[in-house]
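1. got a predicted structure here, sequence first:
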Amino acid sequence: MSAPQFFVDPADLTGEVAVVRGDEARHALQVLRLKVGERLLLGDGAGRVAQATAVAVDRREVRARVEAVRVVPPRRPALTVVAALVKGGRLDLVVQKLTELGVERIAPAVCRRSVVDWDGRKRAAARDRWAAIALAAAKQCHRDRVPVVAPVDELAAQLAGSPGPRLVCWEEGGQPLSAALPATAPDALTLVVGPEGGLEAGEVAACAEAGAVPVTLGPLVLRAETAAIAAAAAVAFRYGHLG
């Protein structure tokens, strides 16, 4: 069985002993019943991962001796998914699966057909929840980087802040995603996925004016959350991160 992974303050990986605190410590102590002498992995969420051994535990924290530290280079492309808000908490699933697929940044977007209409407090609470989901998923799949979850914003703003070639998934037309992906992995890439009911033609036109290329995922009409996961999986497969 592989060693469990926990995330710590980046400064902790620069010394001989790192401290696992907060929710991470509660998971280690109350769920996994971590004991002195057990092996674990410690990450800073940004690519630095250390092998470590627990040397002291109490009810609130775990102290671990830091051994071999490695720096994992980021994947190419660093994938951003601009995902429209969808109802019923389905974006929770999207965040979890995109994390497992290696997405670097998730940008929740308000679109014209978005059913969800949140005030600032609800937006902030949702972002905190998604960040926690991303952290848990990163631990589960032993990712060295935890995806950044951007604050909820309008589609145009999220697209403007997203790097690399941009592809907007649209069920009403566009070239196949497989044909639109660059032959060689770029440093960054952005996918845009709409809400229930899809993106309006005007939104797609605005995305195109911002440099995004409309693409299709095939003849079947997918749910918004399925489209986001399928598109990210296609990118991961294309550039050798799956299979």
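-> Structure's in. What do you need?
2. from here on, just use CA atoms for contacts and neighbour counts.
-> OK.
3. can you give me the helices in the protein?
-> Ranges of helices in the chain, per DSSP state H, are 22-26, 90-100, 120-140, 155-160, 177-180, 201-209, 224-238.
4. looking at these, which is buried most?
-> Per residue and on average, the most neighbours among those fall to helix 90-100, with a mean of 22 (mean count of other Cα atoms under 10 Å).
5. could you give the mean pLDDT of that one?
-> Helix 90-100 carries an average pLDDT of 96.
6. count residues in the vicinity of the closest residue to residue 15 other than its chain neighbours, would you?
-> Distances taken as Cα to Cα, 6 or more residues apart in numbering put residue 66 closest to residue 15, at 7.3 Å, once the chain neighbours are dropped. Neighbour count for residue 66, taken as other Cα atoms under 10 Å: 23.
7. distance check, residue 66 against residue 20.
-> 12 Å (Cα to Cα, to the nearest Å).
8. so, low pLDDT: which residues of this protein?
-> 1, 243 (pLDDT under 70).
9. make CSV out of the helices of the chain and add distance to residue 62.
-> Below are the helices of the chain laid out as CSV (distance: least, Cα to Cα, whole Å):
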stretch, distance to residue 62
helix 22-26, 6
helix 90-100, 26
helix 120-140, 17
helix 155-160, 38
helix 177-180, 46
helix 201-209, 48
helix 224-238, 35
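10. wait, which of the ones you listed is closest to residue 81?
-> Between residue 81 and those, the tightest spacing by Cα to Cα is seen for helix 224-238, at 7.5 Å.
11. contacts for that closest one, please.
-> 81, 83-84, 86, 90-91, 93-94, 97-98, 101-103, 177-178, 181, 191, 193-196, 198, 217, 242-243 (Cα atoms under 8 Å, 6 or more residues apart in numbering).
12. and of the helices of the chain, who's closest to residue 187?
-> Minimum separation from residue 187 across the helices of the chain (Cα to Cα) falls at helix 224-238, 13.0 Å.
13. how about the strands in the protein?
-> Applying DSSP state E to the chain gives strands spanning 5-7, 17-20, 39-43, 48-57, 62-71, 78-84, 105-110, 148-149, 153-154, 166-169, 175-176, 188-193, 212-216.
14. save those strands as TSV, and put in distance to residue 117 too.
-> Formatted as TSV, the strands of the chain follow (distance: least, Cα to Cα, whole Å):
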stretch	distance to residue 117
strand 5-7	33
strand 17-20	37
strand 39-43	36
strand 48-57	38
strand 62-71	41
strand 78-84	12
strand 105-110	8
strand 148-149	19
strand 153-154	11
strand 166-169	22
strand 175-176	32
strand 188-193	18
strand 212-216	26
